[in-house]
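Undergrad: Using only what follows, build the 3D model:
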Amino acid sequence: MKTSMTGTSLLATVLFLLAATTAAGAQDIYKCNLGGEPAYMDHPCPGGKGVLLHRADDTEIIDQFLRLGQQDKAKAYADSLRLDALYEERLAAYRQGQQEKAQRQADEAVAAEQRERQARQQALVDQLANSNQLQAENNALRRQNAQYQQQLSAPVENYAPAYWGTAPPYLGRPDEHHRRDHDGDHWHRPAPQEPVFHPCKQLAGGRVQC
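TA: Alright, predicted model coming up:
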């Protein structure tokens, strides 16, 4: 890592690098002078010149090895500095963190499975409700169709009279339809004419149109 900076942002850069050491892992930060410009590096400055701004402590180094899955290197580093107690402490903290992480993942998996199961159950409930609604609508349509067929098959009770729309010939005036006999003594009524029928058309619901 190498960073060159001048001006008022110099302090901000130092603070940023110091904060980054915790997130990025154990590392030293050196302030060097390269060609008259300040530079910040994670290794000693060329020629051994410069200022050590931050030195990774033993805890950071051991934690970094453990996070990388390099437990043997963490143990070797601790043994070289006789930091057995610190190593055991950091190893226990690392294992505790791993257990908590595994538990969180297990809980999330169970919660996801429960949500999926609830979603499937809700889908079945919705499907059953839709099926019941369709069945009810079909039953209602069948009843309406049966009523309609019953109305169509019902006999027509009100027939139109044979002389619908015209008067029968025998209801006319006497001077038009009655004639005297040859002797002039008796009236005689002419023979009735055949009635005029007006056929009617049966409509739905038992109605009639003539």
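
Undergrad: can you pull the buried residues of stretch 84-104?
TA: Along stretch 84-104, these residues count as buried under the neighbour rule (16 or more other CB atoms under 10 Å): 87, 90-91, 94. Placement of C-beta: from N, CA and C, glycine included.

Undergrad: So which residues of this protein form helices?
TA: 10-24, 58-67, 71-80, 84-153, 174-177 (DSSP state H).

Undergrad: a markdown table please, covering these and showing mean pLDDT.
TA: Below are the helices of the chain laid out as a markdown table (pLDDT from 0 to 100):
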| stretch | mean pLDDT |
| --- | --- |
| helix 10-24 | 45 |
| helix 58-67 | 89 |
| helix 71-80 | 92 |
| helix 84-153 | 93 |
| helix 174-177 | 49 |
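
Undergrad: Select, out of those helices, the one closest to Pro44.
TA: With CB to CB as the criterion, Pro44 lies closest to helix 10-24 of the helices of the chain, at 15.4 Å.

Undergrad: Point out the most buried one among the helices of the chain.
TA: Highest mean neighbour count among those (mean count of other CB atoms under 10 Å): helix 58-67, with a mean of 19.

Undergrad: how far off helix 71-80 does that helix point, in degrees?
TA: Helix 58-67 and helix 71-80 are oriented at 160 degrees to each other (axes from the mean of the first three to the mean of the last three CA atoms, to 10 degrees).

Undergrad: Need the helices of the chain in TSV (columns: distance to Gly36).
TA: Shown next, in TSV, are the helices of the chain (distance: least, CB to CB, whole Å):
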stretch	distance to Gly36
helix 10-24	14
helix 58-67	32
helix 71-80	37
helix 84-153	41
helix 174-177	142
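
Undergrad: which stretch among the ones you listed comes nearest Pro46?
TA: Going by CB to CB, the one of the helices of the chain nearest Pro46 is helix 10-24, 18.5 Å.

Undergrad: Please report phi then psi for Gly69.
TA: Main-chain dihedrals, Gly69, degrees, to the nearest 10: phi 80, psi 20.

Undergrad: got a list of what His43 touches?
TA: Going by CB atoms under 8 Å, 6 or more residues apart in numbering, His43 touches 28, 30.

Undergrad: pull the CA atoms of stretch 136-153 into CSV?
TA: These are the backbone C-alpha positions of stretch 136-153, laid out as CSV (Å, rounded to 0.1, in the frame of the first residue of the first chain):
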residue,chain,number,x,y,z
ALA,A,136,-70.7,-21.3,-6.5
GLU,A,137,-70.9,-19.2,-9.6
ASN,A,138,-71.4,-22.3,-11.7
ASN,A,139,-74.1,-23.6,-9.4
ALA,A,140,-75.9,-20.2,-9.7
LEU,A,141,-75.7,-20.3,-13.5
ARG,A,142,-77.1,-23.8,-13.5
ARG,A,143,-80.0,-22.7,-11.4
GLN,A,144,-80.7,-19.7,-13.6
ASN,A,145,-80.5,-21.9,-16.7
ALA,A,146,-82.9,-24.5,-15.2
GLN,A,147,-85.4,-21.7,-14.3
TYR,A,148,-85.1,-20.4,-17.9
GLN,A,149,-85.7,-23.8,-19.4
GLN,A,150,-88.7,-24.3,-17.1
GLN,A,151,-90.2,-21.0,-18.2
LEU,A,152,-89.7,-21.9,-21.8
SER,A,153,-91.4,-25.2,-21.4
